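>>> can't give you the sequence, but here's the structure:
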């Protein structure tokens, strides 16, 4: 899993250590006071050997399986399972082919792919040339789902090219998906089927976020910048790059009594980490650190340091903040989030995260949070 931006300047980690490190950093990045809320286990990535699973706040879920330690001459592929929340939802499967190494190639256009998993043999269609994804036909999904839970690996071949996906941890990941979607004991469960009514499977509504209208920022507000800068705390372990003499980004008016300023905290090889402060416009200019909410976290998660890797901050009649944080483990990996300013502070609109794996872009991104902007 991707390292949090605060780890961007640390040495590269192995895939497993990066996964563990970022799990801890997600915990540190959003304590209970600023978690976006929801059911425990949603909005975070769970690891089971060579498989990962995550569900967003609406219980729409993905499970992803990757190669473990492929033999020489065998390329890497990923098997991705998707299932939406609610009763009677179909499961879809797709295959992705890595471009992480120079030797990794996708199947040739129009080339069918032959699949083997234990005793199962399937001929799959060609990769979609528009998306470079191989969609497993609906009629073949049930048999492949059963094989995924029983076989040791999934082997693929297209002409002279071969790939493999490890199935170690697949059954545990699918069981976790059943749990997170509330499907345990229902006829539609992937693993733990039973007589519990399918109608009992929950289907949460997507939360709605109402962005607040901002007052205009005037010249008198901009002249407050030196006083606002002086009101912020000095450098500390969480913000070692802060220079009290350096101009801040902003100010921008948030409401009739306070302004937003952005304080640079650290500079890594690829990105800049910052803190956002809401500061009163009258002396003594009390400053409050804005901690953007993160996807749901669980008891024991630590306090938030408020550091954001800002890709875009749009402030006009409304405020929208977008973070895109990059990490270098084995391959690149990303996390991104979008927030808007409301009457109650920053609200999370969207969040996704990829895994730090030896796969293109570090792995396929998981959606961890979705909300509708009103």
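Cool, the structure landed. What you are looking at is a predicted structure, and each value in this text was computed from that prediction instead of being measured. Residues are numbered from 1 along each chain as shown.

>>> And the helices in the stretch 1-150 of the chain?
With helices called from DSSP state H, counting those that start in this stretch, the stretch 1-150 of the chain shows them at 15-29, 141-150.

>>> looking at those, which has the lowest confidence?
Least confident of these, judged by mean pLDDT, is helix 15-29 with a mean of 33.

>>> Just give the nearest non-adjacent residue to residue 194, would you?
Counting by Cβ to Cβ, 6 or more residues apart in numbering, the nearest residue to residue 194 once its immediate chain neighbours are dropped is residue 185, at 3.5 Å. (Glycine included, C-beta is placed from N, CA and C.)

>>> cool, residue 183 as well?
residue 189 is the one closest to residue 183 (Cβ to Cβ, 6+ apart), at 4.4 Å.

>>> same check, this time on residue 85
Among residues not flanking residue 85 along the chain, residue 59 sits closest, at 3.5 Å (Cβ to Cβ, 6+ apart).

>>> same thing with residue 289?
residue 306 is the one closest to residue 289 (Cβ to Cβ, 6+ apart), at 4.8 Å.

>>> From residue 172, how far out is the one you found?
Distance from residue 306 to residue 172, counting by Cβ to Cβ, to the nearest Å: 35 Å.

>>> So which of these two has more stuff around it?
residue 306 (21 against 17; other Cβ atoms under 10 Å).

>>> was I right about the more buried one contacting residue 273?
No - counting by Cβ atoms under 8 Å, residue 306 does not reach residue 273; the two are 9.7 Å apart.

>>> Quick one: mean pLDDT over stretch 225-245.
Per-region confidence: stretch 225-245 scores 79 on mean pLDDT.

>>> Now for the residue nearest to residue 194: which residues touch it?
By Cβ atoms under 8 Å, 6 or more residues apart in numbering, the contact set of residue 185 is 192, 193, 194, 195, 196.

>>> can you do 7 Å?
Counting by Cβ atoms under 7 Å, 6 or more residues apart in numbering, residue 185 touches 192, 194, 196.

>>> hmm, which of the residues you listed are the buried ones?
With neighbours counted by 16 or more other Cβ atoms under 10 Å, the contacts of residue 185 contain buried members at residue 196.

>>> need the contacts of residue 185 in a markdown table with secondary structure, can you?
Formatted as a markdown table, the contacts of residue 185 follow (DSSP: H, G, I helix; E, B strand; the rest coil):
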| residue | secondary structure |
| --- | --- |
| 192 | coil |
| 194 | coil |
| 196 | coil |
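
>>> Pick the one among the contacts of residue 185 closest to residue 86.
Set against residue 86, the nearest of the contacts of residue 185 by Cβ to Cβ is residue 196 (14.7 Å).
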